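> sequence and predicted model, in that order:
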Amino acid sequence: MATPLLSDVNRRDLPTAPTEHGEVFTRRWVVNLILDLLGYTADKDLCDVKLVEPACGSGAFLVAVASRISASCRRHNRPLGDAFAAVRALDLLARNVQQSRAVVERQLVGEGWPAAEARQVAAAWVKQGDYLLQPQVDHRADYVVGNPPYIRLEDVPGERMAAYRSACSTMGGRADIYIGFYEVALRSLNPDGRLGFICADRWMRNQYGRRLRQLVTSRFSMDLALIMHDVDAFEDQVSAYPAITLISNRPQGRAVAADTTRAFGSAQAISFADWYAKDTESITSPAFQAARMPHWFPDEDSWPAASPARLALLEELTERFRLLEDSQTGTRVGIGIATGADKVFLTEDGSLVESDRLLPMAMVRDTTSGTLNWNGTYLVNPWTAEGDLVDLTAYPQLAAYLENHGDALRKRYVAVKQPQRWYKTIDKVDDGLTRRPKLLFPDMKLTIHPVLDEGALYPHHNLYFIVSEAWDMCVLGGLLLSKVAEAFVEAYAVKMRGGTLRFQAQYLRKIRVPDPQAISEGDQDALRKAFDKRDVQAATEAALRVYGLAELPD
């Protein structure tokens, strides 16, 4: 169901335009590439389809559209007047409307059409208005093309920002308004209609794009993501992380992941469009590489970022293998305990409080070598085995210690909310976790770094852990030490300065693994030995066999 838009009265009451319009003008060869990829070509009868451009700017897309419609009319023996309703272009600014009409008229006259007719067509095509706040009926389209404006939502005047949020359910958080352009355009597509935008690709991974990703994965087909970060795609130099995205109003079909280099220009764009139309499997050239996949990634939490060949491999593994966290194998990914006051709750003094109130803790520093080496940190544990707070009257040493730090503990948010439970840690202690074999992962490392705890320590909140009912933890440790497992995390995880990766639970959960019972004894043994020796190459070689892969592409 389409998102309801504002009434005409509300639209008239809005300010005319924001101060900053986020205009970035697209080069002609990029426009031609998008139209070619969409199949908006002169061999079709373009008078019988509807193309919408949401923010036409100075007319970069409209010039190419006018040229193609002109050629289509001549090929199909139709008068130009038959194309009056074939295009609808909007812009918020009057000057852009006038300029776009002028360039369309000039293009059509240059192609031999009468000036008066060309002027009428240009005026019919280009209107002033705010695309995000138009009645839904005005938007219905077979094609939506363009380069949406780049404006942070918080930079839009308050009334207009509120109107945008009301009109576009995907524009949550600190979204850029191009999120709304995607949403309105997608909802406007006729069956089998196609969207082709060149736009920043941040929405594919950032939190503010999550609702848009959910909309795409639930109702549309993500056909192409062509990354163009290093390409001179615009008339002005901008740091926009651009990508061409093609999305269709149909069930998810085959998808293409592609990336470009600085060498990608007009000639290479033609070559790419030719390859895309032929439906061949993959291609690598100095200017671009691309891979075709059975479908796009189904998870809206985040879409991976990697080379096309690596993305195609990950998508294949996603198809063939189960997630690491899985109820059938009893495998769980978690994070260690957060106390809210580490200076109080962590100690190296083994006689600080009653001995049964001291829980040995695994810290990041204990995992550095790859073998767990406990440095003597304890958690001052206020929890019973049943998950209740202890009765302090039963533990006089603990009571005195906590009361000595009572002012600091009572100021914490968790204590203000529950003043009678002022000495609780943020997380409860899971009594059985200490004794369970588990793999520990430091939050931040350059490479994946599983470390085995055979059941002696409780993890700190800077460590993530994996426990399992079915896996031999050394076999799983070898699998997760491999570059195959690391490829999943690398594709999804936030990268810090210097290439450091975050091995957080949400990224570890993206890893796909085989059924542990399906791994041969020989490969299990190879994975155990590789894990024991911290031999990443041997672990990767064994993992490739287990996953049925010949190699791991860069």
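Perfect, thanks for sending it. Residues are numbered from 1 along each chain as shown.
> show me what the closest residue in space to A94 that isn't next to it in sequence is bridged to.
Among residues not flanking A94 along the chain, Q128 sits closest, at 5.7 Å (Cβ to Cβ, 6 or more residues apart in numbering). Where you see a C-beta, it was placed from the backbone N, CA and C, and this is true even at glycine. In this entry, Q128 is beta-bridged to D91, by DSSP bridges.
> quick one, what contacts Q128?
By Cβ atoms under 8 Å, 6 or more residues apart in numbering, the residues touching Q128 are L90, D91, L92, L93, A94, V97.
> how far away is it from V31?
As judged by Cβ to Cβ, to the nearest Å, Q128 and V31 stand 22 Å apart.
> do the same with L246
14 Å.
> now stretch 78-98: buried residues?
For stretch 78-98, burial by neighbour count (16 or more other Cβ atoms under 10 Å) applies to 78, 80, 82-83, 86-93, 96-97.
> from these, which land in strands?
When those are checked against strands (DSSP state E), the matches are V87, R88, A89, L90, D91.
> and the last one, how far is that from S100?
In this case it means D91. Taken as Cβ to Cβ, the span from D91 to S100 is 7 Å.
> can you list residues touching both of those two?
C56, G57, V126.
> in this structure the last one contacts V63, no?
I take that to be V126. No: V126 is beyond contact range of V63, at 11.8 Å (criterion: Cβ atoms under 8 Å).
> gap between G432 and R332?
Taking Cβ to Cβ, one finds G432 at 12 Å from R332.
> the more surrounded of these two?
Between G432 and R332, counting by other Cβ atoms under 10 Å, R332 is the more crowded of the two (19 against 10).
> remind me which helix or strand that one belongs to.
Using DSSP states H and E, the element containing R332 is strand 332-335.
> report all helices and strands that that strand contacts.
The contact analysis (3 or more Cβ pairs under 8 Å, 6 or more residues apart in numbering; DSSP states H and E) places strand 332-335 against strand 463-467, helix 505-508.
> that one pairs with which strands, and in what direction?
strand 463-467 (antiparallel).
> all helices of the stretch 401-550 of the chain, in order?
406-410, 413-417, 473-481, 483-492, 505-508, 521-533, 536-547 (DSSP state H, counting those that start in this stretch).
> tell me which of those is the most buried.
Among the helices of the stretch 401-550 of the chain, ranked by average contacts under mean count of other Cβ atoms under 10 Å, first place goes to helix 473-481 (a mean of 26).
> export that one as PDB, just CAs?
Provided in PDB are the C-alpha atoms of helix 473-481 (Å, rounded to 0.1, in the frame of the first residue of the first chain):
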ATOM      1  CA  MET A 473      34.900 -26.000  19.300                       C
ATOM      2  CA  CYS A 474      38.300 -26.600  17.900                       C
ATOM      3  CA  VAL A 475      36.900 -27.600  14.500                       C
ATOM      4  CA  LEU A 476      34.700 -24.500  14.500                       C
ATOM      5  CA  GLY A 477      37.700 -22.500  15.700                       C
ATOM      6  CA  GLY A 478      39.700 -23.600  12.700                       C
ATOM      7  CA  LEU A 479      36.800 -22.800  10.300                       C
ATOM      8  CA  LEU A 480      36.400 -19.300  11.900                       C
ATOM      9  CA  LEU A 481      40.200 -18.700  11.700                       C
END
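> assign the closest residue to D431 other than its chain neighbours to helix, strand or coil.
Once flanking residues are discounted, D431 sits nearest to A385: 4.3 Å by Cβ to Cβ, 6+ apart. Under DSSP: H, G, I helix; E, B strand; the rest coil, the three-state class of A385 is coil.
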